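S.K.: give me the fold of what follows.
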Amino acid sequence: MPVPPLPPRSSSPHAPPSRRGFWRMLLGIGHGLNLLRLAIINVVFFGFLLLFVLLIAAGIAGSRTAGEVAANSVLVLKPQGRLVEQYSIDPMQRTLARLSGDEAKQVRMRDLVAAIDAAAKDQRISRILLLPEDLQAGGYAALREVGAALDRFRATGKPVLAWAASLDQSQYYLAAHADRVLLDPQGSLMLTGLANYRLFYKDLLDKLGVDVHLFRVGEFKSAAEPYILDHASDAAKQADGYWMGGIWGTWLSEVATLRKVDPATLRADVDDLPQTIASTQGDLAQLAQNEHLIDGTATRAELIAELRKAGVPAGKDGHGFRSVDLTRYLADQPAQVQPLKPGVTVVVAEGDIVGGKRGPGAIGGESTAALIRAARENKHTKALVLRVNSPGGEVYAAEQIRREVALTRAAGIPVVVSMGDVAASGGYWISMNANRIVAEPNTITGSIGIFGMYYTVPGTLAKLGVKSDGIATGPMAGAFDISRPLDPKVGGVIQAIIDKGYRDFVGGVAKARGKDFAAIDAIAQGRVWTGAQAKDRGLVDQLGGLGDAVTDAASLAKLPVGYPVRYQQAPLGRFERFLVGFSQNAGVRLLQSWGVRLPPWFAQVHALVPEWSLLREAKAGVPNVYAYCLCEVR
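M.R.: Numbers count the residues shown, from 1 in each chain. I've put the predicted structure just below:
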């Protein structure tokens, strides 16, 4: 007898209407979600494909339409963002920023100097217009190098004009190198002097129950004071006042010379601002003119009129003036293909020194050491210049780099260190074994000293009602458990490690500089010096910039005239090289003229990733040893 078939499920005509409708609704939702998924995938895929095709098309068209710089053009220098030795923003980010209508907020010092020096010899460039109000300088040494390039440009008989709506102290330091400095009538020039105020966290940490254990050598090694004090120590104020006074004195002397005023009068004008501002009824532009800091005031329209009156032709549209900006001018320069012959190789070490591998704009113990090693093993490297702009960082990472410098010298290749804005503490550690050290007078250096920090949190846990307890096989077992108080005996072990590190640091400097331990110890102790002060104390050999260091290195290597200068850096992939070239040519402007413009937020996606500071690199449960200097001026 046949078995009767089972009745169908909810799809049966005998199923209740409500159940049939429910399953149909779910099937409809699923089908709709699948269509939406496919639509999103297609939009994203074809969107990126279209963008990629446009990039290639615009890159090709841009290279053809960039055109030559017209005769009697003004080179407009409008540096935006931080003045750096090396980009820390990758090529993709720089291109996306430009497509978003927002320039990447970094400008390389060597690009500015190269453009100015090229323009000095370029018959098509009649003058430079400097617009520095968007420039963010980390220090004064790099600005001094750019200023020196402007001086060389002026020495050819071509004028430099600086204009801004407002200028801060660093921006004015550069603008003062111009033949004429103009401010908008509603603008301002604010000179205040230097300051180094820091936040102190001891009370906060006490409230959180966090115990910070500091181990250091050096009376003036104050980098970690904010974690154990609620104010700056007298020793820190004494040392900071000395080196900051040196940098401010250099600033006043150089600006006074450029503006043909008396340094003492300039200092008094800065200090007496609360009194003198009343004489112009709060008009800072007029006050600056009265004090001979600027040559006059002008609106943007009046600035253009002055340029036209000086013989600069109008722009292509009949308005404005004939000009070329930094990016387009650099793209117009002949490709710098260095000949394969003996020359000088430059390695840039910029940023905090941390362990492992790091990208451009940061110093990794392994990655920076690898760059020096690669330069040494290149048969065309006959001299090495290490450009240092770093306040230091982890001791072991600094030692990895120093060893490569020593090995390079041992291989018969002379090494010259060129110090930028700051080359202090760990920055000096990686520099000390060079044949020669060159620094600007206003470089921040020295700070020969180390410290270690260790955190414990039993107080924090107690506030949360949590306690740690147990047993160990010996007194050192579990000694570095941050949930337990630090045993004083363990503290003694850590201090012994720090003492040994300080002896290594001072002893290494003494050996490299040809002095005895006591002589270096007397000027070490974590004390910061300016480049000029360091030279007086034998820590620096020569005052000068990167160009002086390159010349010095070539001389030590006995290189003939016409030697090439190469930068050793991590190689870019083909797509990254394409993006670098694309962001510098007319392709970006061409895409924007086609209406291709990314939303402004697109270029800021990278900002969602937290910036790793020195302490964020600290390893939990072990003492972290640093050669670091918090010596930034504002």
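
S.K.: in the stretch 1-150 of the chain, which spans are helices?
M.R.: Assigned helices in the stretch 1-150 of the chain, in chain order: 17-65, 91-99, 109-121, 141-155 (criterion: DSSP state H, counting those that start in this stretch).

S.K.: which of those has the lowest average pLDDT?
M.R.: Sorting these by mean pLDDT places helix 91-99 lowest, at a mean of 51.

S.K.: what does the helix or strand where Tyr454 lies contact?
M.R.: For Tyr454, the element it lies in under DSSP states H and E is strand 450-456. Residues from elsewhere that reach strand 450-456, judged by C-beta atoms under 8 Å, 6 or more residues apart in numbering: 210-218, 221, 223-224, 227, 395, 425, 480, 482-486, 494, 497-498, 501-502, 505, 618, 622-628. (Glycine included, C-beta is placed from N, CA and C.)

S.K.: redo that, cut-off 6 Å
M.R.: Residues outside strand 450-456 that contact it (C-beta atoms under 6 Å, 6 or more residues apart in numbering): 211-216, 221, 224, 395, 482, 486, 494, 498, 501-502, 623-627.

S.K.: what's the answer for stretch 547-565, then?
M.R.: Here stretch 547-565 has contacts from 338-339, 343-344, 382-383, 385, 414, 416, 418, 435-436, 438, using C-beta under 6 Å, 6+ apart.

S.K.: gap between stretch 260-270 and the chain center?
M.R.: Distance of stretch 260-270 from its chain centroid, counting by C-alpha atoms, centre = their mean, to the nearest Å, is 31 Å.

S.K.: buried residues in that stretch, which are they?
M.R.: Residues Val261, Leu266, Arg267, Asp269, Val270 are the ones in stretch 260-270 that count as buried (16 or more other C-beta atoms under 10 Å).

S.K.: same list (the residues you listed) but as a markdown table, adding distance to Glu254.
M.R.: Formatted as a markdown table, the buried residues of stretch 260-270 follow (distance: C-beta to C-beta, whole Å):
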| residue | distance to Glu254 |
| --- | --- |
| Val261 | 12 |
| Leu266 | 11 |
| Arg267 | 13 |
| Asp269 | 16 |
| Val270 | 14 |
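
S.K.: could you dump those to a markdown table with pLDDT?
M.R.: As requested, the buried residues of stretch 260-270 are exported to a markdown table (pLDDT from 0 to 100):
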| residue | pLDDT |
| --- | --- |
| Val261 | 97 |
| Leu266 | 97 |
| Arg267 | 97 |
| Asp269 | 95 |
| Val270 | 95 |
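
S.K.: which ones among the residues you listed are found in helices?
M.R.: By the criterion of DSSP state H, membership of the buried residues of stretch 260-270 in helices covers Leu266, Arg267, Asp269, Val270.

S.K.: would you turn the residues you listed into CSV with distance to Gln286?
M.R.: Shown next, in CSV, are those (distance: C-beta to C-beta, whole Å):
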residue, distance to Gln286
Leu266, 17
Arg267, 21
Asp269, 13
Val270, 17
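
S.K.: and which of the residues you listed is nearest Ile353?
M.R.: Val270 (35.0 Å; C-beta to C-beta).

S.K.: which single one of the ones in helices among the buried residues of stretch 260-270 is nearest to Met190?
M.R.: For those, the nearest to Met190 is Val270 (9.6 Å; C-beta to C-beta).

S.K.: gap between the nearest residue to that closest one once chain neighbours are set aside and Val550?
M.R.: In this structure, Val270 finds its nearest non-sequential neighbour in Leu191, 4.7 Å apart by C-beta to C-beta, 6 or more residues apart in numbering. Per C-beta to C-beta, to the nearest Å, Leu191 is found 33 Å from Val550.

S.K.: ok, now Asp295?
M.R.: Distance from Asp295 to Val550, by C-beta to C-beta: 35 Å.

S.K.: let me see the ranges of the helices in the stretch 351-500 of the chain.
M.R.: 365-377, 395-410, 426-429, 458-463, 488-513.

S.K.: distance to Val146 and mean neighbour count added to those helices, as JSON lines?
M.R.: Shown next, in JSON lines, are the helices of the stretch 351-500 of the chain (distance: least, C-beta to C-beta, whole Å; neighbours: other C-beta atoms under 10 Å):
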{"stretch": "helix 365-377", "distance to Val146": "25", "mean neighbour count": "20"}
{"stretch": "helix 395-410", "distance to Val146": "27", "mean neighbour count": "22"}
{"stretch": "helix 426-429", "distance to Val146": "21", "mean neighbour count": "31"}
{"stretch": "helix 458-463", "distance to Val146": "48", "mean neighbour count": "15"}
{"stretch": "helix 488-513", "distance to Val146": "30", "mean neighbour count": "17"}
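
S.K.: Leu161 bridge partners, please.
M.R.: The partner list for Leu161 in beta bridges (DSSP bridges) reads Leu129, Arg180.

S.K.: burial count for it?
M.R.: When neighbours are defined as other C-beta atoms under 10 Å, Leu161 has 22 of them.

S.K.: and for Ile523?
M.R.: 19.

S.K.: what sits against it?
M.R.: Arg537.

S.K.: if I look at it, how far off is Tyr428?
M.R.: Distance from Ile523 to Tyr428, by C-beta to C-beta: 11 Å.

S.K.: in strands, which of the contacts of stretch 547-565 fall?
M.R.: Gly343, Val344, Lys382, Ala383, Val385, Val416, Ser418, Arg436, Val438 (DSSP state E).

S.K.: so Pro360 touches Gln86, yeah?
M.R.: Yes: under the criterion of C-beta atoms under 6 Å, Pro360 makes contact with Gln86 at 5.0 Å.

S.K.: between the two, which one's more packed in?
M.R.: Remark: of Pro360 and Gln86, Gln86 carries more neighbours, 20 against 17, as counted by other C-beta under 10 Å.

S.K.: next, the contact list for the more buried one, please.
M.R.: Counted by C-beta under 6 Å, 6+ apart, Gln86 has contacts Val348, Glu350, Pro360, Gly361.

S.K.: from these, pick the one nearest Tyr172.
M.R.: Among these, and counting by C-beta to C-beta, the member closest to Tyr172 is Glu350, at 24.5 Å.

S.K.: surely the closest one is in contact with Tyr87?
M.R.: No: using C-beta under 6 Å, Glu350 is not in contact with Tyr87, being 9.7 Å away.

S.K.: higher neighbour count, the two?
M.R.: Glu350 (23 against 20).

S.K.: show the pLDDT at the more buried one.
M.R.: For Glu350, pLDDT reads 95.

S.K.: gap between it and Ile401?
M.R.: Distance from Glu350 to Ile401, by C-beta to C-beta: 12 Å.

S.K.: if we can go back for a sec, okay if I get the helices of the stretch 351-500 of the chain as TSV plus mean pLDDT?
M.R.: TSV is the format used below for these (pLDDT from 0 to 100):
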stretch	mean pLDDT
helix 365-377	97
helix 395-410	97
helix 426-429	96
helix 458-463	91
helix 488-513	94
